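[1] Provided below for reference: sequence and predicted model.
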Amino acid sequence: MQNPFPRMHVSLYVSDIQKTIEFYNSFFGQEPSKVKPYYSKYILEEPSLIISFVENKERVQENFGHLGFQVASEEELNMRLWEAKKKNLVAKEESGTNCCYAKQDKFWVNDPDGVQWEVYYFHEDVEFNDPHFENKEASACCTPANKENKSLAELGAEKSCC
């Protein structure tokens, strides 16, 4: 069997390249490796990812799903959450949620075009997928759009975030 692909590439259409660059500079904590008119590209070493953005407002699509990063520990999740909060990037926090048949703690950020990124810690596989995932109004993997934003600490005190 061949080794896994060495690096993933994603390309997204965006409505405003400058706003996108400002957001991702903050979210990724680095400048793009390439900037051209209506285009930018970031090369991340960990996780290994090449992501490019092409300004084309007519091609921006809604509801394609989401993108995300899995972290190795709860400590790393909390550190990244703290950093994202300092930058005012956090859109939502969840703790102990059963999403995609996995128990997870996570937080979400949204780029200027509404592309959702989750940063999550995986606890364990579960047999239950939160029914909010099927809800048309869901704004993230498992949460309805009108769900009250709560901190990971507040959610941890509850039995289930959903």
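    Thanks, I have it. Only a predicted model underlies this, so the values are computations on that prediction, with no experimental measurement involved.
[2] which ones are touching the residue nearest the centre of the chain?
    A centroid search over the chain (Cα atoms, centre = their mean) returns residue 117, at 1.3 Å, as the residue closest to the centre. Residue 117 sits next to 27, 66-69, 108-111 when contact means Cβ atoms under 8 Å, 6 or more residues apart in numbering. In this view, the C-beta of every residue, glycine as well, is placed from N, C-alpha and C.
[3] which residues pair with the closest residue to residue 84 other than its chain neighbours across the strands?
    Nearest non-adjacent residue to residue 84, counting by Cβ to Cβ, 6 or more residues apart in numbering: residue 90, 5.0 Å away. On the basis of DSSP bridges, residue 90 is bridged to residue 109.
[4] And residue 90, what's its pLDDT?
    At residue 90, the model reports a pLDDT of 98.
[5] can you map out the helices along the protein?
    Here the chain has its helices, by DSSP state H, at 17-28, 74-86, 152-156.
[6] Give the buried residues for stretch 80-95.
    Judged by neighbour count (16 or more other Cβ atoms under 10 Å), stretch 80-95 contains these buried residues: 80-81, 84, 89-90, 92-95.
[7] next one: stretch 55-69
    Across stretch 55-69, burial judged by 16+ other Cβ under 10 Å covers 55, 60, 68.
[8] just stretch 20-30 next, same as before
    For stretch 20-30, the neighbour count (16+ other Cβ under 10 Å) marks 20-21, 23-24, 26-27 as buried.
[9] ok, now stretch 103-123?
    Residues of stretch 103-123 classed as buried: 103-113, 115-121 (neighbour count, 16+ other Cβ under 10 Å).
[10] Any idea which helix or strand in this protein has the lowest mean pLDDT?
    helix 152-156 (a mean of 46; mean pLDDT, DSSP states H and E).
[11] Okay, strands next: where are they in the protein?
    Applying DSSP state E to the chain gives strands spanning 8-14, 34-36, 39-44, 49-55, 67-71, 90-99, 102-110, 116-125.
[12] What's the mean pLDDT across the second one?
    Throughout strand 34-36, pLDDT has a mean value of 95.
[13] Spell out which strands sit alongside that strand in the sheet and which way each one runs.
    Partner strands and pairing direction for strand 34-36 (DSSP bridges) are strand 39-44 (antiparallel).
[14] contacts for the strand it pairs with?
    With contacts defined as Cβ under 8 Å, 6+ apart, strand 39-44 is touched by 17, 20-21, 24, 28, 30, 32-35, 49-55.
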